[in-house]
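> Provided below for reference: sequence and predicted model.
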Protein chains: 2
Amino acid sequence: MTNLEPPKARRVYLLLRDRIASGEYRARSSLPSEPALAEQNGVSRVTVRRALDQLASEGLIERRPGAGTFVKGGQASLPMTGDISNVLAHLVEMGQTTEVKLLSFGYIVPPPAIVEALRLDPDERTQRSVRLRLIDGQPFSYLVTNVPERIGLSYSEADLASTPLLELLERSGLVAERASQTVGATLAGPDTAEPLGLEVGAALLSMTRVVYDPSGKGIEHLQALYRPDRYSFQLDLQRTGAGDARSWKPVDRPRKVAAPARSGRRAPARRPAMEKGSAE
Amino acid sequence: MTNLEPPKARRVYLLLRDRIASGEYRARSSLPSEPALAEQNGVSRVTVRRALDQLASEGLIERRPGAGTFVKGGQASLPMTGDISNVLAHLVEMGQTTEVKLLSFGYIVPPPAIVEALRLDPDERTQRSVRLRLIDGQPFSYLVTNVPERIGLSYSEADLASTPLLELLERSGLVAERASQTVGATLAGPDTAEPLGLEVGAALLSMTRVVYDPSGKGIEHLQALYRPDRYSFQLDLQRTGAGDARSWKPVDRPRKVAAPARSGRRAPARRPAMEKGSAE
DNA sequence: CACTATTTGTCCGTATGTATG
DNA sequence: TCATACATACGGACAAATAGT
């Protein structure tokens, strides 16, 4: 049995990072001393120092010789947020405010999972495209799309780099009638980490979406991976019906609510979130 | 400059894991040979073997001496899914089908991020509770809740382990009028990995929820972390209004759609997902 | 039934990096 | 900073199992 565990310094690094993000260690106040941290975590002092080096290099703490190490509050611009209930609505805007890089394109015989999801015939092929979406030149989402071959043929490869896919589908006279979305999380592998500008092993927000036409046949299968520091889903709910009729209705971002979430943890809200960001 | 990078074996491990999950390496077919993989990734054969050991120990591959290593297609039970648009609705059911462990409880002066989100007075205190939610004895979510002190006093510590928090709030005559939810992803630190039964550095699905009363004051701040292999958000959308009126409406899980997503990647759907799982 | 090519399994010695005191 | 222990990674060599000729 081999280990494969992360180095101890990383444990400590993640621990302190969480504590700082959660506010357990307040901004402008000092962290425990290095020897203290070493004992608390059952590691040596050099190991603690490595973790602190990492935190310092990311600008999360500041080390003052003789005084201690301090939490640097502030900064950390909020991720752009996509309204999950409206995910499909504002694709056009999205296409305008962001650019797309087409990483790969081709026709394949899809893996069984895709066949099942799209309800394809046994050996029907799909058009598979891998795209990278950027905002301000910064990549934030990695998209793997599968579309049944006959549908995919209705637009060109170049269209993909300029126009949102659902837009293209609609132009072809297809009707997106129903969609199913699942949101989860994964670790970045080399294939995805590299184009997204992350290290291998970073956390990714993932969304799988399947779009169906009125007949119930699948039109599009999308596997999207997002950098959580640059993109997150938001859903605002409003209570409908008073009293005991427990019912909530998604509402269209009622107003700019102070709603933080820095890579899964709290952080001071700062930059106003994108007005109507959405899908992909 | 110290390194802090994951071991090389982990790179390879994550790469192969992604390729398998994405269907690039088909089930029942063979992976490239160890020497081949070693050269492709620029690592030694032992390193490849370590990665394969890991995959084998997780049951993703099968190694046959002399023959090769093969992808073990099959199960990997789907995560329970929570309908994100209904997240608050079925708390009661949820409270019945799952158990809760109260990990920590106390009154604190909250970090600035919480103060801001809940719109508290400068030095108002909050009741902070950390809970672990289990299904079938298996932990799947780690919940950190902050509630303004005066509100928190209206129920007992024991109530927390048995009753969903929003239920308690309603009993106290409070009205949850509006809620804002943000979904992202993070890495598990030691504090969260341990109770959730994960290794440090695993991917977590995160949700931050703030609930407001009609006056706009914050009632509850919840920071939830989910094991993506046991829990994921699902949102089904239905097209409303025909033609050019692009509009989508969340719909209450219209029927059991073949919608996979194994920890962020595709995988054969198998076990029926939980009927109406939801929040927390 | 060999015979061979390929592949996993096992062991070596050594170099580098990580962690400790 | 230094010396020590241990894990990681490397390249190589060899045995044993498998599949095809």
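The structure has been received and is ready for your questions.

> Where do the domain boundaries of chain A fall?
A:8-71, A:80-250 (automatic domain parsing).

> out of the ones you listed, deepest packed?
domain A:80-250 (a mean of 19; mean count of other Cβ atoms under 10 Å in any protein chain shown). C-beta: built from backbone N, CA, C; applies to glycine.

> That one - what's its average pLDDT?
For domain A:80-250, mean pLDDT rounds to 87.

> what about that domain, start to end distance?
Start-to-end span of domain A:80-250 (Cα to Cα, to the nearest Å) is 19 Å.

> ok so, going back, could you dump the domains of chain A into a markdown table with distance to DNA strand D added?
Output for the domains of chain A, formatted as a markdown table (distance: least, Cβ to the nearest atom of the strand, whole Å):
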| stretch | distance to DNA strand D |
| --- | --- |
| domain A:8-71 | 6 |
| domain A:80-250 | 11 |
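
> now the ones you listed in CSV, with distance to residue B:154?
Putting the domains of chain A into CSV (distance: least, Cβ to Cβ, whole Å) gives the following:
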stretch, distance to residue B:154
domain A:8-71, 25
domain A:80-250, 19
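
> Any idea which of these gets closest to residue B:105?
Nearest of the domains of chain A to residue B:105, taken as Cβ to Cβ: domain A:8-71 at 15.7 Å.

> next one: that closest one to chain centre, how far?
Chain-centre distance of domain A:8-71: 27 Å, with Cα atoms, centre = their mean, to the nearest Å.

> Could you check how far residue A:231 is from residue B:45?
According to Cβ to Cβ, to the nearest Å, residue A:231 stands 39 Å off from residue B:45.

> typo on my end, it should be residue A:111
28 Å.

> what ranges do the strands span in the stretch 101-250 of chain A?
A:126-135, A:138-148, A:178-187, A:203-212, A:218-226, A:231-239, A:248-251 (DSSP state E, counting those that start in this stretch).

> For the residue nearest to the spatial centre of chain A, which non-adjacent residue is spatially closest?
Geometric centre of chain A, nearest residue: residue A:226, 2.6 Å, by Cα atoms, centre = their mean. Distances taken as Cβ to Cβ, 6 or more residues apart in numbering or on different chains place residue A:205 nearest to residue A:226, at 4.2 Å, with adjacent residues excluded.

> same thing with residue A:224?
In space, residue A:224 is closest to residue A:207, 4.6 Å off (Cβ to Cβ, 6+ apart).

> Torsion angles phi and psi at residue A:121?
The phi/psi pair for residue A:121 (degrees, to the nearest 10) reads phi -70, psi 160.

> Of the domains of chain A, which is nearest residue B:67?
Here domain A:80-250 is closest among the domains of chain A (Cβ to Cβ), at 22.7 Å.

> okay but residue A:101 is in contact with residue A:132, surely?
Yes. Between residue A:101 and residue A:132 there is a contact under Cβ atoms under 8 Å: 4.4 Å.

> what sits in contact with each of these two?
Overlap of the contact sets of residue A:101 and residue A:132 (by Cβ atoms under 8 Å, 6 or more residues apart in numbering or on different chains) consists of residue A:139.

> what about the helices in chain A?
Secondary structure of chain A (DSSP state H): helices at A:8-21, A:34-40, A:45-57, A:91-97, A:112-118, A:149-152, A:157-162, A:165-171, A:190-196.

> touching chain B at all, the second one?
No. Using Cβ under 8 Å from any Cβ of the partner chain, no contact is recorded between helix A:34-40 and chain B, whose separation bottoms out at 10.9 Å.

> For the residue nearest to residue A:224, give its distance to DNA strand C.
34 Å (Cβ to the nearest atom of the strand, to the nearest Å).

> Check residue A:56 too.
Going from residue A:56 to DNA strand C by Cβ to the nearest atom of the strand gives 16 Å.

> ditto for residue A:135
33 Å.

> Test of understanding: give the bridge partners of that residue.
For residue A:135, the beta-bridge partners are residue A:138 (DSSP bridges).

> Tell me the spacing between it and residue A:32.
Residue A:135 is 38 Å from residue A:32, by Cβ to Cβ.

> Next, the distance between the ends of stretch A:145-156.
Where stretch A:145-156 begins and where it ends lie 15 Å apart, using Cα to Cα.

> I'd like the distance from it to the chain centre, please.
26 Å.

> same deal with stretch A:187-206?
That offset, for stretch A:187-206, works out to 10 Å (Cα atoms, centre = their mean).
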